[in-house]
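A.B. asks: Give me coordinates for this.
(chains A, B, C and D)
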4 protein chains.
Amino acid sequence: MTVTVATDEYGKGGVRIVKVVSDGIGDQVMDLTVEVRLRGRFADAYTGGDNSMVLPTDTMRNTVYAMAPEHLGPDIETYAVTLARHFLASPAPVDEAEVSIVQRPWARVGDRPHAFRQVDTGRRTTTVVAGQDGVAVSAGALGLRVLRTTGSAFEGFLVDGLTTLEPARDRLLSTEISAQWRYTTNPADLGATWHDVVQRLVEVFCDHDSKSVQHTLYAMGEAVLAQHPEIDHIWMSLPNKHHVPFDVARFGIAGGESVYYPFEVPHGVIEATIAR
Amino acid sequence: MTVTVATDEYGKGGVRIVKVVSDGIGDQVMDLTVEVRLRGRFADAYTGGDNSMVLPTDTMRNTVYAMAPEHLGPDIETYAVTLARHFLASPAPVDEAEVSIVQRPWARVGDRPHAFRQVDTGRRTTTVVAGQDGVAVSAGALGLRVLRTTGSAFEGFLVDGLTTLEPARDRLLSTEISAQWRYTTNPADLGATWHDVVQRLVEVFCDHDSKSVQHTLYAMGEAVLAQHPEIDHIWMSLPNKHHVPFDVARFGIAGGESVYYPFEVPHGVIEATIAR
Amino acid sequence: MTVTVATDEYGKGGVRIVKVVSDGIGDQVMDLTVEVRLRGRFADAYTGGDNSMVLPTDTMRNTVYAMAPEHLGPDIETYAVTLARHFLASPAPVDEAEVSIVQRPWARVGDRPHAFRQVDTGRRTTTVVAGQDGVAVSAGALGLRVLRTTGSAFEGFLVDGLTTLEPARDRLLSTEISAQWRYTTNPADLGATWHDVVQRLVEVFCDHDSKSVQHTLYAMGEAVLAQHPEIDHIWMSLPNKHHVPFDVARFGIAGGESVYYPFEVPHGVIEATIAR
Amino acid sequence: MTVTVATDEYGKGGVRIVKVVSDGIGDQVMDLTVEVRLRGRFADAYTGGDNSMVLPTDTMRNTVYAMAPEHLGPDIETYAVTLARHFLASPAPVDEAEVSIVQRPWARVGDRPHAFRQVDTGRRTTTVVAGQDGVAVSAGALGLRVLRTTGSAFEGFLVDGLTTLEPARDRLLSTEISAQWRYTTNPADLGATWHDVVQRLVEVFCDHDSKSVQHTLYAMGEAVLAQHPEIDHIWMSLPNKHHVPFDVARFGIAGGESVYYPFEVPHGVIEATIAR
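C.D. replies: Just a heads-up that it's a prediction; the model follows:
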């Protein structure tokens, strides 16, 4: 029997790095978790235990730190591109180097130049893939939790014999936005672009006359693509975090329509890619 | 052999509730996790399985929701007091009713009255204990993550044969503040007081000329007690989240002093109560 | 500007269900978390908010419970197939229905027919995709944590200017095996097959003369495919959970070679598909 | 204004250590997370930043590793006692040294001497406090998940205007046992005693004719104290992990009484100490 290595990737995950970047005003804290994945012609390592072309994952970790002094600035995309290109150029038989980064947000406390507070309104992410055909740069966001108390409906849906959901003309809607979008050309100001995309996602979520999560997801994607010609598609995940009114009327208590039981699980799954 | 119930408490944990509270400007989202614990003369339930004086924990959950329309406003302390008094007054033989609440923070998106975004800079908490001698109200905060890049030292410490730590004249210092303080008299504006205490904790952490985490913890407690006569003591936990410079000089690379490896574990434990 | 829905899927995640299945000897506890994802011609829901062909995700949840009395037996694969076929046959325009299940393991306590204890040595999983071309059944495992203290090397690897790792002739090796394999024809006894595949993965991990994680991953896949003609490929993830000897010799203490500091992060990433 | 340090403790948490202990048959893997807390006369460190009597927490970490070659054997209690005594004897002004350990369980794979698999049926714990009056040794268990499908009732409880729970004559009962018990004299075989206590807790949970969780908790404590004169009290936490039958009869489907929706939250809280 012959078996083969059909797909493979290896690398280093969970590399935590903090860099204090100084600008004219004061410090900025870059707090990152980096993951490196290499894909290529590594079959000999699997089939015969030949490590001669295997760059240790420990070296990848060292590289993340070693390139930080010169190359890690305020934009994680730029740093990821540098790392991905470095690994693609390695003597190892790499066909594709992927570098993903998640950034934890810190904000200055008042106008203090050297003191920071974590303000978690969601995390900035990037995934860069460097290969023979060039470098693909995606940016993204994780954990943007949003909620609106009105202006969201879900009616006229398909009913089968197991459907018990009542149509809702005006429901509380809450989700945790994850998104990833790809740049066909890198914007001049990666940070400003990221903030603008996130603002657009949040604002359309808040303002859209929503007939369903799907309906609003589409509007969010449309708004981003309309404003940003340098983005060719955007993927979003908008899990429906259900809030069910808790029936207190049975106890003779009024005002219960504003009191909700938020389900941890289960949650709706709604994921789509909106593209030009 | 005779064995006895030396201590006991029972109740309901993890009660999730969201209430949309409307004020003159728009809505406010109260997103809470409530825990109820009763202590009292319940030994018969243990020794003989006599449930006649056992209020089901399911009823406690119902109560959390049922009292929300009238009693849950912008201050979790007030709601916790109402709940704790209610359980103390139950026909069940309750000597002490404890209600703890953790609030997840939501902020309005721009000036929209009905749309919200989670802004996690730490969570507001309360623990209220109602008993025969009255009601003790504590407020608190969880998960205030702060970091300063300068102005913190740790030198002149005790050295034994297993000590390898080098003295630090100026180190990066980071922690996740947890705090709980007790009101001897309830402040007129519970929300404003909470925000002021948190601001004081954060600012003293940022500005203190720190000789150690202990040293700064004391200064934080001192500042809170100085400003707030209605608080008689404050407990704080300031785990030392170590950030160790990653040595890139061995690769001939300069600038490594700004590049850190943040340890997830282990962490220093520093906890103390500062009191008048 | 025209934008389109390039990819989409929707469904329900985190559906928790427990069924007590009785067999000749006693009960068996099936403790599952189910996720349903539908892919199809749902563009109108996105672009125009037309819900007429949208089966509510709440109905999917109901369906998971409603089909359990008749269809949920000891094998999660069979139940997933039934669910996936049900959703494919829905009036909704479903092209592909995917059902994934993770099972938490319970074992009888002694020979008691009705009492159980959770014994977490890893979880059984399945992913079933039903489409126009039939039904693809995969089985899998999550969280098989294994460790060997000898018989594992990593030497002769590629060295670049940032490599500091020392070659290891005999190192402690630990990982948390995740695996997923596809059945071309369903085995007569799905449960026995699952246990055999898991045993083979664990035993080859333990016994293989390992030159690297990649080398051992290949041997594990080879062993599974050699024994199971009904499996055409297997994907594995073997994160390298590093254990670094803690240097106590600097304190004049002997015996330190058996004392390790286990890194939580970072970890090596090694993932591959072994196929015929 | 004068403020004082009313309570304080400091130390090191999350110290991860693995030791391979060899016995006559093969290896044994001790996989521990250690926490050290010192209490004493450390006020000067707080009020004036005087570190001269502060043993760095980094040194505590080193100590955990440095004492492992000689002192860490198969019983975590013994190791914790050694560590606690060491810290009490430090030149630092320690009044009380507390060492807590949680052990992750590994089992040999078949009869292999050097290969292991994690079998998580709950974790062994210990807390040792060394002070002027001697050393108090507690042992414990975390995460013993158990479930019984019959033989558990909850009836005749107190009903108030917010009670909606129906009495249950025969319900599914599930919990995650946490326990901690104190030895007045250390048993000759700490490991065997631990296993016996855990077995007793699990078996009484399974076999008791239960009128409530409280009722069963008492029986569990009684059984442990009856068998083990060297234990003077045992604390237990038995959160009630609710499983609610999912109503499928409304769909005309039979057999629904064996299908449950397991709540993640909320859960009942039941905690008590049973003492002689």
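A.B. asks: and for stretch A:55-69, what are the contacting residues?
C.D. replies: For stretch A:55-69, contacts defined as C-beta atoms under 8 Å, 6 or more residues apart in numbering or on different chains pick out A:10-12, A:15, A:17, A:19, A:34, A:36, A:38, A:79, A:82-83, A:86-87, A:90-92, B:246, B:248, B:251, B:253-256, B:258-259, B:261, C:154, C:157-158, C:160, C:162-165, C:240, C:266, C:268-269. In short, each C-beta sits where N, CA and C put it, glycine included.
A.B. asks: now stretch A:171-190: how far from the chain's centre is it?
C.D. replies: Per C-alpha atoms, centre = their mean, to the nearest Å, the displacement of stretch A:171-190 from the mean C-alpha position of its chain is 8 Å.
A.B. asks: That stretch: which residues count as buried?
C.D. replies: Across stretch A:171-190, burial judged by 16 or more other C-beta atoms under 10 Å in any protein chain shown covers A:171-183, A:186-187, A:190.
A.B. asks: Kindly report the same for stretch A:193-210.
C.D. replies: For stretch A:193-210, by 16+ other C-beta under 10 Å, it's A:193-194, A:197-198, A:200-208, A:210.
A.B. asks: tell me which of these is nearest to chain C?
C.D. replies: Chain C has its nearest neighbour among these in residue A:210, at 7.8 Å by C-beta to the nearest C-beta.
A.B. asks: list the contacts for the closest one?
C.D. replies: Contacts for residue A:210 (C-beta under 8 Å, 6+ apart) come out as A:151-153, A:173, A:216, C:49.
A.B. asks: same thing with residue A:131?
C.D. replies: Applying C-beta under 8 Å, 6+ apart to residue A:131 gives the contacts A:88, A:95-97.
A.B. asks: what about 7 Å?
C.D. replies: When contacts are counted by C-beta atoms under 7 Å, 6 or more residues apart in numbering or on different chains, residue A:131 touches A:95-96.
A.B. asks: quick one: it from residue C:57, how far?
C.D. replies: For residue A:131, the distance to residue C:57 equals 37 Å [C-beta to C-beta, to the nearest Å].
A.B. asks: And for residue A:57?
C.D. replies: Taking C-beta to C-beta, one finds residue A:57 at 39 Å from residue C:57.
A.B. asks: same question, residue A:264
C.D. replies: Separation of residue A:264 from residue C:57 (C-beta to C-beta) stands at 15 Å.
A.B. asks: what about these two, which has more around it?
C.D. replies: Regarding residue A:264 and residue C:57, a neighbour count based on other C-beta atoms under 10 Å in any protein chain shown identifies residue C:57 as having more, with 26 against 14.
A.B. asks: Quick check: that one vs chain D, distance?
C.D. replies: Residue C:57 sits at a distance of 16 Å from chain D (criterion: C-beta to the nearest C-beta, to the nearest Å).
A.B. asks: Do me a favour and get the backbone dihedrals for that residue.
C.D. replies: Per-residue torsions, residue C:57: phi -70, psi -20 (degrees, to the nearest 10).
A.B. asks: hang on, the earlier thing: right, and the pair among the buried residues of stretch A:171-190 with maximum separation?
C.D. replies: Spanning the widest gap among the buried residues of stretch A:171-190 are A:171 and A:186, at 39.7 Å by C-beta to C-beta.
A.B. asks: And the contacts of the helix or strand where residue A:179 lies?
C.D. replies: Element membership of residue A:179 [criterion: DSSP states H and E] is strand A:173-183. Residues from elsewhere that reach strand A:173-183 (C-beta under 7 Å, 6+ apart): A:127, A:136-148, A:152, A:197, A:201, A:205, A:210, A:224, A:230-241, A:243.
A.B. asks: Buried ones among those?
C.D. replies: Buried residues within the contacts of strand A:173-183, counting neighbours by 16+ other C-beta under 10 Å: A:127, A:136-142, A:144-148, A:152, A:197, A:201, A:205, A:210, A:224, A:231, A:233-241, A:243.
A.B. asks: Mark which of those are part of helices, please.
C.D. replies: For the buried ones among the contacts of strand A:173-183, membership in helices holds for A:197, A:201, A:205, A:224, with DSSP state H as the criterion.
A.B. asks: Kindly reformat those as JSON lines containing distance to residue C:101.
C.D. replies: Putting those into JSON lines (distance: C-beta to C-beta, whole Å) gives the following:
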{"residue": "A:197", "distance to residue C:101": "35"}
{"residue": "A:201", "distance to residue C:101": "32"}
{"residue": "A:205", "distance to residue C:101": "31"}
{"residue": "A:224", "distance to residue C:101": "35"}
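A.B. asks: how about those residues, which pair is most distant?
C.D. replies: Greatest spacing in these, by C-beta to C-beta: A:197 and A:205 (12.7 Å).
A.B. asks: ok, the closest residue in space to residue A:47 that isn't next to it in sequence - contacts?
C.D. replies: Nearest non-adjacent residue to residue A:47, counting by C-beta to C-beta, 6 or more residues apart in numbering or on different chains: residue C:218, 5.9 Å away. By C-beta under 7 Å, 6+ apart, residue C:218 lies in contact with A:5, A:46-47, C:274.
A.B. asks: if I look at residue A:216, how far off is chain D?
C.D. replies: 27 Å.
A.B. asks: Tell me what angle whatever helix or strand that residue lives in forms with strand A:173-183.
C.D. replies: Residue A:216 belongs to helix A:213-227 when assigned by DSSP H and E. With axes from the mean of the first three to the mean of the last three C-alpha atoms, to 10 degrees defining the directions, helix A:213-227 sits at 40 degrees from strand A:173-183.
A.B. asks: Quick one: distance of helix A:213-227 to the chain centre.
C.D. replies: Offset of helix A:213-227 from its chain centre (C-alpha atoms, centre = their mean): 16 Å.
A.B. asks: buried stuff in it?
C.D. replies: By neighbour count with 16+ other C-beta under 10 Å, helix A:213-227 contains the buried residues A:213-225.
A.B. asks: Closest one of the residues you listed to chain D?
C.D. replies: Of all the buried residues of helix A:213-227, residue A:213 has the smallest distance to chain D: 22.6 Å, by C-beta to the nearest C-beta.
A.B. asks: residue contacts, that closest one?
C.D. replies: Residues counted as contacts of residue A:213 (C-beta under 7 Å, 6+ apart) are A:238, A:240, A:268, A:270.
A.B. asks: Do a quick rundown of the helices in chain A.
C.D. replies: Along chain A, counting by DSSP H, helices occupy A:43-48, A:57-66, A:68-71, A:76-88, A:190-207, A:213-227.
A.B. asks: To residue A:24, which of the ones you listed lies closest?
C.D. replies: Smallest distance to residue A:24 across these (C-beta to C-beta): 15.4 Å, for helix A:190-207.
A.B. asks: hang on, the earlier thing: any chance of the buried residues of stretch A:193-210 in TSV, plus pLDDT?
C.D. replies: Formatted as TSV, these follow (pLDDT from 0 to 100):
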residue	pLDDT
A:193	98
A:194	98
A:197	98
A:198	98
A:200	98
A:201	98
A:202	98
A:203	98
A:204	98
A:205	98
A:206	98
A:207	98
A:208	98
A:210	98
